[in-house]
Structures are given as C-alpha cells and as structure tokens.
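Student: here you go, sequence then predicted model.
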Amino acid sequence: MQGDLRIDEALTSGDGLLAADLIGVAVFAASGASAGVAKRLDLFGVAFVGFIAALGGGILRDLVIGAVPPLAFADWRYSMTAIAASLAVFWLHPRLARWRRSVLLLDAAGLGLFTVTGTIKALDAGVPPVGACLIGMLTAIGGGLARDLLTGEIPVVLQRDIYAVAALGGAILVTILREVAVADALTMGVSALLITGVRLIALYRRWSAPVAAP
Amino acid sequence: MQGDLRIDEALTSGDGLLAADLIGVAVFAASGASAGVAKRLDLFGVAFVGFIAALGGGILRDLVIGAVPPLAFADWRYSMTAIAASLAVFWLHPRLARWRRSVLLLDAAGLGLFTVTGTIKALDAGVPPVGACLIGMLTAIGGGLARDLLTGEIPVVLQRDIYAVAALGGAILVTILREVAVADALTMGVSALLITGVRLIALYRRWSAPVAAP
Amino acid sequence: MQGDLRIDEALTSGDGLLAADLIGVAVFAASGASAGVAKRLDLFGVAFVGFIAALGGGILRDLVIGAVPPLAFADWRYSMTAIAASLAVFWLHPRLARWRRSVLLLDAAGLGLFTVTGTIKALDAGVPPVGACLIGMLTAIGGGLARDLLTGEIPVVLQRDIYAVAALGGAILVTILREVAVADALTMGVSALLITGVRLIALYRRWSAPVAAP
C-alpha cells in the first residue's frame, strides 16, 4: 500500500504534474500569508500560516490514509515552496494587490488539483468510494480551514458561496470515472477542469449556497 | 492488531449496537448542525460542522490507535447518517425546538456510548489503561470541541457542568471491569448507562465543576 | 522503525532525561492551566487545556512519524505529570505569581528539550532533514498553539518575539550535528542549551521578529 502510494506519487509528481502541484501549494500559501499579514502577524507567523494553509489539507489526508510521514515532511520541495511563497507575500504584498484576479484564478486551479490528487490517493490506499470523496474534499479545503482558525476567524468555506461543493462534486466524478476504468490522466484532467470551471463560474455569477430560514 | 480491530468493529457493529452507534452519530451531528444554523452558516457549513461534531472524536481516536482509514471514512453509513441528520436540522430546525428535552437525553446517551466504544477500541489496540481512558473520553468530547472551535466559541465542555468528567469516570469503570474479565456486553451496558445517568442527573440537579478562586 | 523508536525512547527516557522531559511537560501544562484559569474555565477545562498544552505537540509528532499510540497515551507518567501540574496551578495559582521568572526560565528549557527530542525522533523514524526540522519545531510549539486556540486567542507564537525561530534554528543544528556523526548526548545537550539561551536572551533584550509593512 505504502509502496503503491509512493509509485503513484512518483507518477503524478514526476511529470508536469509536480509543477502543477507546487503551483497549488504556492497559491494556497499566498492566501494564508495574506491572511497573516492582514492580522499583523510577525514574519514567523506569516510563514507558519502560509505553510499550514498550503499543506494542512495534505497532512490531514496523509494521516487519514496512513501515508506517514506526510508528503509535506517527506519531500522538501513542498515545504520550501510554501515558505518561499509566504515570504514573497510578506515582503511584496503591497505590490500584489493588482494580481488579485490572477490569485482567484490560481486558487480555483489549486482547488481542482488538490481535490483530484486527494481523491485518487485515498482510492489507491483502499478507502471505499464515499470516504475517498470526503477525503478528497478535505484535502482541498483543510488548509483554508486551518488558516482561518489560526487567524481567529470562522472558516470562510463554511459561510459563503460555492467552493467546497465544487470540490465534492469533482471528487464524486473522479470516483465514478475510476470505477468505469477511464485512464487516470483523463480522469484527473477532466475532473480538475470541471472543479476549477464551476468555481470560477460561481465567482463570476456570485452563486452561493442557501442559509437556513430563521 | 488491525485485524482484531476489524473483528471488534464487526462484533460491535453487527448487532443492535450499530443502530445505537448511529443514533449517537445522528444526535451529535444534530448538535453540530444546530450550532451551524445559529451562526448563519450556509448549507455546506451546516453539514460540515454536523459531520465533524459527529465523527471528529472517532477520527481522532482511530488516528491515535492506528486504525486507518478511520471508521468515518471506511464505512459509508457513518458519514451518511451524520450528513442526513445535519440536513434534517437545516430544513426542519424551527420545528425541532420542542424536541430540546429529547435531544439532551439522546446527547447523554451518545456521550455514554462513544466513551465506552472508544475505551474498548483503545484497549483492544493495546493502549495501556490510563491512555485508553483518556482516548475513550476524547472520543466522546472531541467532536463537540471541534464543533465549538469551528463556530468560533471557547469549547463549552471546558466551561460548565459535569460532562467530560462523567465520560472519564465511565472510561475508568470500563477499564476496571475489563481487567476483572467481566463479559464485554455487560461492561458496555453498565458503563454506558452509568455515564448517561450521571450526565442526566447533573443536568437535572445543575451540578457543575468548580472554577478556580480569583 | 517502531522498534528503534521504542529503543530510542528507552534511552532518552531511561536516564536523567526522563526527569528533564517530565519537567518540560509540567511547565507547558502549567502554562496551559494558567491560560485556562484566566479564561475562568472549570476544573476539568483547566486540566484539559494543561494536558493539551503539554502533550499536544508530542501527540502531533507521534502521529506524523507513525509512532502510535502516541507517547502521551502509551506512558502514563506523561499524562499524570501534565494533569498534576494543571491541578496544582488550579489550586495554587494565587501563590504562583511570584514564580513568574522561574516559569519563563523553565518554559525556555522546555522549548529546547522538546525541539531536540522531536527532531531526533523524526530523524530516527526516517524523515528527511527538512521535514525533521519542521517536526521538531512543531513538537515544541504545537502545544502552545492548541492552548491558544482552545482559549479563543490567536496563537501568541505567531505574533511576537523570538520563540519558534529559536526552536527552528536548534532543530537545524541537531540535524547538522547528526549528519557529521557527533554523539547523540552531545548533540542534544548543545542544541537544547542553544535554543534555551537564545530564547532567554530574546526575552531579556526584547528581540522580536519583524511585521510586514502596511
């Protein structure tokens, strides 16, 4: 099982996918670091919140599927990317405001990618379909949840618009495509694009989930 | 060890105990979903807080005893029960107010049941007695702790009345009865009833734990 | 791997180091219990926050390196020390004010010790150097982070002065000394003293990490 996971990591990391994975890490780290700067945390605090925002979801995923040590500690490129992106935000944040639109785009891409790799890793580790979908979604939203808890906020993912639901839908699609034996590369590409697309349309059209009647 | 755990799960889940276990999950999910509705979370947020309140303690327990993937992800009935109960609260909550007394009763039953199964699973996994008692108590209170952290509150279990202490006392009783080789069914029944009973009496008589002198 | 860990624990716990380890646990428990008393938590809440402040970092470390059940549950001396120290603070806290200076000294010693043992355990479990340094630092700061989250505060370690950075520097030193095959006792002694010393100088000279320009 561990062996398979490592092979899977090698496959998904070896090619252009490693770059995509690290872009997701960098974008999520930047979101955490921005929250830290806004809360007036010090240099360490900004880097720490960035690290957790980028890698917290993956650490949780790896603990839950028994892949220890988690990839965040087993491969230095993940932690170094998260820390470098956080430090860049710390020093450059006044100049980053104009990139806001790009960051939202990259965040949607990160959401798609983290969901897809999380779901596939869980399936490969032998988790049944329903559990694997939940783990895939948690991989994508876990870091943002931890970021908000560390900075004293009620997690934004619980409060507004379509974010986690896009991830959950994509995780279900991954699981179905796997079941009918579609090739992994196709499954991953289609599902990640779908999640990213739904997220971007939800942003553009201001879709949001209902709140309970009072 | 893993094998024994699975057998133990089969035994405790196979019979009427599965129903009891799922009732505990449903009640704790309802408590989480109610907290989410009160904080004006959206549909996803309500379901998520319900899921964590119901299954967070068990996920922590399974990680700590090395039973991966945790039961919450390995058996779809757990997650689906938690989500169904949360959605019911989301849509029906105005009509649920009159059930408040029943919910407190069921919550006390859930406290007893989660403590007992948590302690026994830890002992079966080879955890020594003191650690098993702590894990049993954490199984029962962990979900409520996570619910309060997600909704921005200092956990209520740390602040008022007799709740966790009843769980801890029951976990100690389970461990002692096991040590003297009482049959499992009797151990579980007596201990769960005792925890539930103490919790209900504490509610009725407004017992509370002392606060430090200023 | 598990076997080596247990041997390592026996070595580091068997001698005078067990006493040092438990002093660290007691001091961190006292810091958690004091925070609980200040927030008017009840007796259970104070003991619980003390337990988590003392043992939360080590539990996280053990989960991440796959040493289950974590030492906090596998060895009763750890939990009992944490609980005893918390109860002492609950009952004696008005008389503890005059010990404030000693507590800061012991806290700095705990920081050094927890970082060093955390880093070495991670390296022994086969975690690569960068990951082991991060795990060592998390072992030392994790409990304080959890203490602050449980009591509704943004973690103090993210906000002010030199604390985690001293731990991270010490973890890097441990890893380098190990790499060049310095004897473990020397590595641990030198690194723990360095962390403690830097922390105390930072306190005395009011060093603090920079905050981002607005």
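Tutor: Cool, the structure landed.

Student: C-alpha only now, for contacts and for neighbours.
Tutor: Fine.

Student: gap between stretch A:73-88 and the chain center?
Tutor: Put simply, stretch A:73-88 sits 14 Å off its chain's centre (CA atoms, centre = their mean, to the nearest Å).

Student: ok, stretch A:178-194 next?
Tutor: Chain-centre distance of stretch A:178-194: 18 Å, with CA atoms, centre = their mean.

Student: what sits against the one residue sitting closest to the centre of chain A?
Tutor: Centroid check for chain A by CA atoms, centre = their mean gives A:Ala140 as the closest residue, at 3.4 Å. A:Ala140 sits next to A:57-58, A:110-112, A:114-115, A:118, A:164, A:167 when contact means CA atoms under 8 Å, 6 or more residues apart in numbering or on different chains.

Student: contacts for the strand or helix carrying A:Ile201?
Tutor: Assessed by DSSP states H and E, A:Ile201 sits inside helix A:184-205. Contacting residues not belonging to helix A:184-205 are listed as A:105, A:108-109, A:111-113, A:115-117, A:161-163, A:166-167, A:169-171, A:173-174, A:177-178, A:208 [CA under 8 Å, 6+ apart].

Student: so which bits of chain A are right by chain C?
Tutor: With CA under 8 Å from any CA of the partner chain as the criterion, chain A comes near chain C at residues A:37, A:40-46, A:48, A:63, A:68-70, A:72-76, A:79, A:90-91, A:94, A:149-152.

Student: could you give me the average pLDDT of the host helix or strand of the residue nearest to the centre of chain A?
Tutor: If you go by DSSP H and E, A:Ala140 is part of helix A:129-150. Per-residue pLDDT values across helix A:129-150 average out to 95.

Student: give the buried residues for the next helix-or-strand element following it.
Tutor: The element immediately downstream of helix A:129-150 (helix or strand, assigned by DSSP H and E) is helix A:164-179. By 16 or more other CA atoms under 10 Å in any protein chain shown, the buried positions in helix A:164-179 come out as A:164-175, A:177-178.

Student: and if you look at stretch A:62-72?
Tutor: Per 16+ other CA under 10 Å, stretch A:62-72 contains these buried residues: A:62-72.

Student: now A:Ala212: how far from chain C?
Tutor: Plainly put, A:Ala212 is 26 Å away from chain C if you go by CA to the nearest CA, to the nearest Å.

Student: how about that residue: what's its closest non-neighbour residue?
Tutor: Here the nearest residue to A:Ala212 in space, its sequence neighbours aside, is B:Phe90; by CA to CA, 6 or more residues apart in numbering or on different chains that works out to 5.7 Å.

Student: in the helix or strand that neighbour falls within, what counts as buried?
Tutor: For B:Phe90, the element it lies in under DSSP H and E is helix B:76-96. Within helix B:76-96, the residues that qualify as buried are B:78-87, B:89-90, B:93, counting by 16+ other CA under 10 Å.

Student: got the CA coordinates for that helix in CSV?
Tutor: Output of helix B:76-96 as CSV, limited to C-alpha atoms (Å, rounded to 0.1, in the frame of the first residue of the first chain):
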residue,chain,number,x,y,z
TRP,B,76,-20.3,5.0,4.5
ARG,B,77,-23.2,4.5,6.9
TYR,B,78,-21.4,6.8,9.5
SER,B,79,-20.9,9.7,7.2
MET,B,80,-24.3,9.4,5.5
THR,B,81,-26.0,9.3,8.9
ALA,B,82,-24.2,12.4,10.0
ILE,B,83,-25.0,14.3,6.8
ALA,B,84,-28.6,13.2,6.8
ALA,B,85,-29.1,14.4,10.4
SER,B,86,-27.4,17.7,9.6
LEU,B,87,-29.6,18.3,6.6
ALA,B,88,-32.7,17.5,8.6
VAL,B,89,-31.7,20.1,11.1
PHE,B,90,-31.0,22.6,8.3
TRP,B,91,-34.5,22.3,6.9
LEU,B,92,-36.6,21.4,10.0
HIS,B,93,-34.9,23.4,12.8
PRO,B,94,-37.8,25.7,13.6
ARG,B,95,-39.9,22.6,14.3
LEU,B,96,-37.1,21.0,16.4
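
Student: contacts only, for the residue nearest to A:Leu145 when sequence neighbours are not counted.
Tutor: Counting by CA to CA, 6+ apart, the nearest residue to A:Leu145 once its immediate chain neighbours are dropped is A:Pro155, at 5.3 Å. Counting by CA under 8 Å, 6+ apart, A:Pro155 touches A:144-145, A:148-149, B:150.
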